[in-house]
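Asker: kindly return the folded structure for what I paste below:
(one chain, ligands or ions: 1)
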Amino acid sequence: MLEQVKLKRIEAEKQGEPILRNKSFDLLLEKVKEKKPKRILEIGVNLGLSSIAMLLVSQNSLLTGIEIDEQKVKKAKDNYAFFNVDKRAKIFTGDASEIIPVLTGSYDFIFLDGPKGHYFEYLPHLLGVLERGGILFADNVLFRGYVDGKVKTPHRFNTTKNSMEKFLQAISSDSGLKTEIIDIEDGISITEKLL
Ligand SMILES: C[S@@+](CC[C@H](N)C(=O)[O-])C[C@H]1O[C@@H](n2cnc3c(N)ncnc32)[C@H](O)[C@@H]1O
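Answerer: Okay, here's the model as predicted:
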């Protein structure tokens, strides 16, 4: 089944869909396998291919996704049904900025892969619903090399870059959190909530 998800990822990439890159995808699955979360929250679901892969490697997990694009939600739901994980996955359709602050559940694994300029804004709410010992896995934290200065930031991306820097600073300096920043692909951060 996982091989089939990988084939769908290749297809989606060819169609220009913004899917998680390969090494980051492998790392995500490694962490999910290790943690075996009860409840996963994914911000930015796209076609649901990472959701499905997480649910396939962790058979007792449930997943809640948030996705703004209705067409993508429809495709993700079809994919959930195709891979027979639809009973373990649900999606809230809408803007994560509005949905995250009103989430009522708690989660022990959060995959943050939504709009890059909003991670810092989401952070307090995400930490609020993340259980102690839970993991916050975020993609794109080095944002095209702009964040660590490897690539000069074009003017139009300054706001997003600055916001991502504030996110990284916040997850790295909080003594209640343990964060690792991994320089692969577009940059991954893995944060464990200690307290
Ligand atoms: C990089 S893609 C997600 C990829 C997916 N997590 C995966 O691994 O295949 C980012 C997704 O976030 C969605 N998105 C963008 N802005 C959003 C917002 N404000 N609220 C919710 N979803 C949003 C986009 O429509 C897109 O599907």
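Asker: most remote residue from this structure's center?
Answerer: Distance to the chain centre peaks in the chain at His155, reaching 26.0 Å (criterion: CA atoms, centre = their mean).
Asker: tell me what the lengthiest helix in the chain is packed against?
Answerer: Across the chain, the longest stretch assigned as helix under DSSP state H is helix 158-173. Contacts defined by 3 or more CB pairs under 8 Å, 6 or more residues apart in numbering; DSSP states H and E place helix 158-173 against helix 119-129, strand 177-182, strand 188-193. (C-beta placed from N, C-alpha, C; glycine too.)
Asker: could I have the longest one exported to PDB, CA atoms only?
Answerer: As requested, C-alpha coordinates have been extracted for helix 119-129 and formatted as PDB (Å, rounded to 0.1, in the frame of the first residue of the first chain):
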ATOM      1  CA  TYR A 119       3.700  29.200  11.600                       C
ATOM      2  CA  PHE A 120       4.500  31.700  14.300                       C
ATOM      3  CA  GLU A 121       0.900  32.800  14.600                       C
ATOM      4  CA  TYR A 122      -0.300  29.200  14.900                       C
ATOM      5  CA  LEU A 123       2.400  28.200  17.400                       C
ATOM      6  CA  PRO A 124       0.800  29.100  20.800                       C
ATOM      7  CA  HIS A 125      -2.500  27.400  19.700                       C
ATOM      8  CA  LEU A 126      -0.700  24.300  18.500                       C
ATOM      9  CA  LEU A 127       1.300  24.100  21.700                       C
ATOM     10  CA  GLY A 128      -2.000  24.400  23.500                       C
ATOM     11  CA  VAL A 129      -3.500  21.300  21.900                       C
END
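Asker: any buried residues in the first helix or strand past it going along the chain, and which?
Answerer: Using DSSP states H and E, the helix or strand that follows helix 119-129 in sequence is strand 130-139. Residues 130, 134-139 are the ones in strand 130-139 that count as buried (16 or more other CB atoms under 10 Å).
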